[in-house]
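Chemist: Predicted model follows, preceded by the sequence.
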Amino acid sequence: MLDGATEDFSEVNGGRVNGRGDIALTLRQDFQVRIYDTSGRRIAAIGRRGSGPGEFQTPQVQGWNADTVWIYDFGLRRHSFFTRTGQLVRVTPLETAQRQVRVINEGSEARLVDFSPSARRADGSLLGAGTILRTSGGARSARELVVASYSTDGTARKLASLEADPRWEQALASTNMVATSPNGDEVLAVSVSDLSLTGSSVLLSRMSASGSVLSSTRLPYRGLEYPAARRDSILRRGVGVDRSRSVPSSMVPSVIPPVWGALLRNDGMALLTMQDTPDSLKVVMVDRKGVVRGEFRLPKGHELLAARDAHVWLRTCNSDDIVSLVRYRLRCNGKQAC
């Protein structure tokens, strides 16, 4: 366990795990990334506020290449690479930051802008989220939020749409989400077409970084009604960072969305955070064939932060808003490997 009071975590914005079991944590409020080994010992504290080498504005740990951690800065639009003990290796700008990139599978007028990478492949290509602009005869551009791959030849390819369902308020019903494997070889698109009390299914679509569809399976779910008190509270307080944006009652679903988050391991195992009861969540583990290999209920106040092999890292926040991390070993049907 990484105790938030001892480590003085302001907020943990994400984590990535390497083959040794080291975890690199993003502490964006502190403009810092910290690395801990399997014993919970801090082995590096990287960064401070600034724009020079080894400094950050809005950092996010995005992955590992062996013992080298890769950090992307959304504000400075650049990649920084460090050893696991915190030595700076190199800093490189994001190639797409200064121009629009042609999207080769979306017509001659499609361009990718505002690209933010989330995974880097061994060949140097990137996977991430961005916006596709489309023009036709000089008319105003249509925009679409997507997951895309960016190749080393300077072109991009759309992999999946991230557009929200216009029927529901996005902050209350995320019906489309995407997860990428840490090595960038696979993308998982999760979509829910219908929120029904009678239940429906969650569509899991897997594709390669080149856009080839690997598999498509459906996971059934049971509809759970939004408690009336919770819906009334949402309508009263609003949504957004400061809870000031009101939501029309028609855009608050009567059914709790079945999926709240997704992680994808390098071995293809998907970990879906799903609604279990109106007041609890569970993590369902689904392999590449669409077979559910196991599930576990999340303790109250915990959420899934990272996963690798048979371990998961959960983030929790106590009544004093102190964030801590707990690592668990998974056993499925009495076996260690899950």
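Modeler: Received the coordinates, thanks.
Chemist: Need the contact partners of the lengthiest strand in the chain.
Modeler: As assigned by DSSP state E, the longest strand anywhere in the chain is strand 110-120. By Cβ atoms under 8 Å, 6 or more residues apart in numbering, the residues outside strand 110-120 that reach it are 62-63, 65, 70, 72, 74, 79, 94, 96, 100-103, 126-134, 146, 148, 150, 156, 158, 180-184. No exception for glycine: its C-beta is placed from N, CA and C like everyone else's.
Chemist: Show me how far that strand is from its chain's centre.
Modeler: 15 Å (Cα atoms, centre = their mean, to the nearest Å).
Chemist: quick one: average confidence on whatever helix or strand comes next after that strand?
Modeler: Next along the chain after strand 110-120, taking DSSP states H and E as the criterion, comes strand 126-134. What strand 126-134 shows for mean pLDDT is 89.
Chemist: before we move on, the earlier item: and the longest strand of the chain, C-alpha only, in PDB?
Modeler: Presented in PDB, the C-alpha positions along strand 110-120 are these (Å, rounded to 0.1, in the frame of the first residue of the first chain):
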ATOM      1  CA  ALA A 110     -10.000  14.800 -43.600                       C
ATOM      2  CA  ARG A 111      -7.400  16.200 -41.300                       C
ATOM      3  CA  LEU A 112      -6.400  15.200 -37.700                       C
ATOM      4  CA  VAL A 113      -5.900  18.000 -35.200                       C
ATOM      5  CA  ASP A 114      -5.500  18.400 -31.400                       C
ATOM      6  CA  PHE A 115      -3.900  14.900 -31.200                       C
ATOM      7  CA  SER A 116      -2.900  13.700 -27.700                       C
ATOM      8  CA  PRO A 117      -1.000  10.400 -27.600                       C
ATOM      9  CA  SER A 118      -1.800   7.700 -25.000                       C
ATOM     10  CA  ALA A 119       0.400   4.800 -26.300                       C
ATOM     11  CA  ARG A 120       3.700   4.400 -28.200                       C
END
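Chemist: pLDDT score for G240?
Modeler: The model's pLDDT for G240 equals 66.
Chemist: And for the one 4 residues further on?
Modeler: The predicted local confidence for S244 comes out at a pLDDT of 70.
Chemist: quick one, what contacts it?
Modeler: Contacts of S244 by Cβ under 8 Å, 6+ apart are G238.
Chemist: Helix or strand for the closest residue to Y72 other than its chain neighbours, just tell me which one.
Modeler: Leaving aside its sequence neighbours, Y72 sits nearest to Q62 (Cβ to Cβ, 6 or more residues apart in numbering; 5.0 Å). Element membership for Q62 (DSSP H and E) is strand 59-65.
Chemist: Now do that strand: which elements does it pack against?
Modeler: strand 14-17, strand 23-27, strand 32-36, strand 68-73, strand 110-120 (3 or more Cβ pairs under 8 Å, 6 or more residues apart in numbering; DSSP states H and E).
Chemist: in stretch 262-271, what counts as buried?
Modeler: 262-265, 268-271 (16 or more other Cβ atoms under 10 Å).
Chemist: gap between the two ends of that stretch?
Modeler: 6 Å (Cα to Cα, to the nearest Å).
Chemist: tell me the mean pLDDT for that stretch?
Modeler: Across stretch 262-271, pLDDT averages out at 94.
Chemist: related to what we said a few turns ago, now list the buried members of the contacts of strand 110-120.
Modeler: 62-63, 70, 72, 79, 94, 96, 101, 103, 126-134, 146, 148, 150, 156, 158, 180-184.
Chemist: Show me the shaky parts of the chain.
Modeler: 96-99, 136-140, 239-243, 332-338 (pLDDT under 70).
Chemist: would you list the helices and strands packed on strand 59-65 in a markdown table and tack on distance to S244?
Modeler: Below are these laid out as a markdown table (distance: least, Cβ to Cβ, whole Å):
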| stretch | distance to S244 |
| --- | --- |
| strand 14-17 | 26 |
| strand 23-27 | 27 |
| strand 32-36 | 30 |
| strand 68-73 | 29 |
| strand 110-120 | 25 |
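Chemist: Just say which of those is most tucked in.
Modeler: When you average the neighbours per residue for each of the helices and strands packed on strand 59-65 (mean count of other Cβ atoms under 10 Å), strand 23-27 leads with a mean of 24.
Chemist: Strands of the stretch 51-200 of the chain, start to end?
Modeler: Secondary structure of the stretch 51-200 of the chain (DSSP state E, counting those that start in this stretch): strands at 59-65, 68-73, 78-83, 88-93, 101-102, 110-120, 126-134, 142-150, 156-161, 176-180, 186-191, 200-208.
Chemist: got JSON lines for those strands, with distance to G4 too?
Modeler: Output for the strands of the stretch 51-200 of the chain, formatted as JSON lines (distance: least, Cβ to Cβ, whole Å):
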{"stretch": "strand 59-65", "distance to G4": "18"}
{"stretch": "strand 68-73", "distance to G4": "21"}
{"stretch": "strand 78-83", "distance to G4": "23"}
{"stretch": "strand 88-93", "distance to G4": "27"}
{"stretch": "strand 101-102", "distance to G4": "40"}
{"stretch": "strand 110-120", "distance to G4": "25"}
{"stretch": "strand 126-134", "distance to G4": "29"}
{"stretch": "strand 142-150", "distance to G4": "32"}
{"stretch": "strand 156-161", "distance to G4": "35"}
{"stretch": "strand 176-180", "distance to G4": "26"}
{"stretch": "strand 186-191", "distance to G4": "30"}
{"stretch": "strand 200-208", "distance to G4": "33"}
